[in-house]
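[1] Sequence first, then the predicted structure:
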Protein chains: 2
Amino acid sequence: MMEMITEAREMQATSEKLRQQGKRIGFVPTMGALHQGHLSLIKRARRENDVVIVSIFVNPIQFGEGEDYEEYPRDLEADSKLVREAGVDAIFAPAAREMYPIKHITIVSVEGLSKRLCGASRSGHFRGVTTVVAKLFNITRPHTAYFGQKDYQQAQIIRRMVSDLSLDLKIEICPIVRERDGLAMSSRNRYLSVKERQAALVLFNALQKAKSMLQSGEVEAERIKEEIVSLIEREPLVTIDYVEVVNAESLEPGDEIEKETLVALAVRIGKTRLIDNLLYEPGEVL
Amino acid sequence: MMEMITEAREMQATSEKLRQQGKRIGFVPTMGALHQGHLSLIKRARRENDVVIVSIFVNPIQFGEGEDYEEYPRDLEADSKLVREAGVDAIFAPAAREMYPIKHITIVSVEGLSKRLCGASRSGHFRGVTTVVAKLFNITRPHTAYFGQKDYQQAQIIRRMVSDLSLDLKIEICPIVRERDGLAMSSRNRYLSVKERQAALVLFNALQKAKSMLQSGEVEAERIKEEIVSLIEREPLVTIDYVEVVNAESLEPGDEIEKETLVALAVRIGKTRLIDNLLYEPGEVL
């Protein structure tokens, strides 16, 4: 029996009661428009916890001006069906006025990490994310929360927030789920026309190229970046937002690849912004 | 039997266990150097909860450059004795490296409210306060936390943080405790020389003046401010940091006193900065 909860107080009371009963709570925060990527997080949460809570909330304060807050796909009915079938115990789906009943003046911000990669082109985005996620953690009180590696920077920022603020929970980052042709699953893929969908494959192809370079022993970040850029530039429908090869923990660039490395891409295809990435541990057999 | 806990993990586990047993936790965060003001908070917490936790932590990130972080009085032994006698169940007294083991990059900030009054002259102070208090709440997991009205702006900011971040706890603000001659209790009073201690009485006298003006029906904030300023200026050892008459909730100034009002003062006496305030509800019999 799945509960649909829309009030923060009720969700909080439910979670508190579950914790008092000694139940372990797994939490998957989402903005809805669920796909197989979300479902993989839910399945993992299901395996590892007594109770699974999924939140569905399109968070206005993480969208910038001119971004797709209004257009962002919303389909609570389809989402509810999916998560019910996945064995979720509760959906927390508050209205915006429930989350922000009065002008919201408290900000949670992870400095430094939030300025780089997606933070450079989406000013204020990660403040909006960390603020709402802190709030969702306080409302759902999970033992473990699950995030997708596709939004790797987001997951790293949240991990750091949890550690810096001594939040009593664990963050798990789960692998990217891809379409059969390699495109990373994303709610925003539904924005793409047929031609754009075809062009979007360049992200996966570029990461495959980076992977084979790394496997062949390439250690210069700049060479990998150049190769990716030239590959993407051959695709006329796609414009690059950024291509970065950075330390996977600090998200800072380095000349040589020594420690765990993130190859991260963001592009625009028409009005749609897509991201993808690859994690590489030197010495690892990919 | 009072527990002395210095590790965040242990405090968190202790609190989690207490909550699972259905115990109500009252929390009094302090920077130590305890006085009767702190003890009044502890007594109230004792009356209203099953378990009382007091934290003692001089928080480096709320002190600005040139402020008194190094000099701030520390006396854990005397403090422990006081709180043991007051029936406290646990002291949480972490070292700075326990609270900030790595460079702390996550910030909790209440915008607007934090810029006014003390925030105007102590840039970054309230960010440091809200960040550490959020952390202390996550570690001690109280049902109710107690703050003194002397730091009224701090208490209001924390109240707003709790509400904005959906923290599941209540903030209680307790009345100012004064010396027999009216000086508000403060750990910083020990910095004062005999002459300065005498001069410091001007804060209380100024607030008494404001009170009698309000009782006589004065509704113009500017007149009250002028009166206070001229009264303090007659005291040569004292320089004014600010004198404000503001809405007690928004901390914004208004021309006329209609709603609950805060008369707030900050002064410097030698190297010591002291604050005091008065809350006034129109129509209230003072």
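    Happy to help now that I have it. Numbering: from 1, shown residues only, chains lettered A, B, ... in the order given.

[2] what about the nearest residue to A:E3 once chain neighbours are set aside, how many residues close to it?
    In space, and not counting its chain neighbours, A:E3 is closest to A:A90: 4.3 Å by Cβ to Cβ, 6 or more residues apart in numbering or on different chains. The C-beta positions use only the backbone N, C-alpha and C, and glycine is treated the same way. A count of neighbours around A:A90, defined by other Cβ atoms under 10 Å in any protein chain shown, yields 24.

[3] show me what contacts A:A90?
    Neighbouring residues of A:A90 by Cβ atoms under 8 Å, 6 or more residues apart in numbering or on different chains: A:M2, A:E3, A:M4, A:I5, A:M11, A:T14, A:V51, A:V52, A:I53, A:V54.

[4] Recalculate using a threshold of 10 Å.
    A:1-5, A:10-11, A:14-15, A:18, A:25, A:27, A:51-55, A:83, A:140 (Cβ atoms under 10 Å, 6 or more residues apart in numbering or on different chains).

[5] Kindly report the same for A:I269.
    By Cβ under 10 Å, 6+ apart, the contact list for A:I269 reads A:188, A:191-193, A:195-200, A:202-203, A:235, A:237-239.

[6] any idea which of these is closest to B:Y69?
    A:R188 (47.3 Å; Cβ to Cβ).

[7] Look up which residues are beta-bridged to the residue in the stretch 1-150 of chain A that chain B sits nearest to.
    Here the residue of the stretch 1-150 of chain A nearest chain B is A:T106; by Cβ to the nearest Cβ that distance is 3.5 Å. With DSSP bridges as the criterion, A:T106 is bridged to B:V110.

[8] Give the burial count for it, as a bare number.
    24.

[9] wait, doesn't it sit right on A:V132?
    No - between A:T106 and A:V132 there is no contact under Cβ atoms under 10 Å: 11.3 Å.

[10] Which residues are in contact with each of those two?
    Shared contacts of A:T106 and A:V132, counting by Cβ under 10 Å, 6+ apart, come down to B:L165.

[11] Now for the closest residue to chain B within the stretch 151-286 of chain A, how many residues are close by?
    Proximity of the stretch 151-286 of chain A to chain B (Cβ to the nearest Cβ) peaks at A:D164, 3.5 Å away. For A:D164, the count of nearby residues is 23 (other Cβ under 10 Å).

[12] So what does it look like in phi/psi?
    When read as degrees, to the nearest 10, the backbone of A:D164 gives phi -60, psi -40.

[13] what residues are up against it?
    Contacts for A:D164 (Cβ under 10 Å, 6+ apart) come out as A:108, A:110, B:99-108, B:131, B:134-135.

[14] quick one: the helix or strand bottoming out on mean pLDDT in chain A near chain B?
    Lowest by mean pLDDT, DSSP states H and E among the helices and strands of chain A is helix A:118-121, with a mean of 93. No - Helix A:118-121 stays clear of chain B (Cβ under 10 Å from any Cβ of the partner chain), getting no nearer than 12.7 Å.

[15] How about stretch A:136-150?
    Yes - residues of stretch A:136-150 contacting chain B under Cβ under 10 Å from any Cβ: A:L136, A:F137, A:N138, A:I139, A:T140, A:R141.
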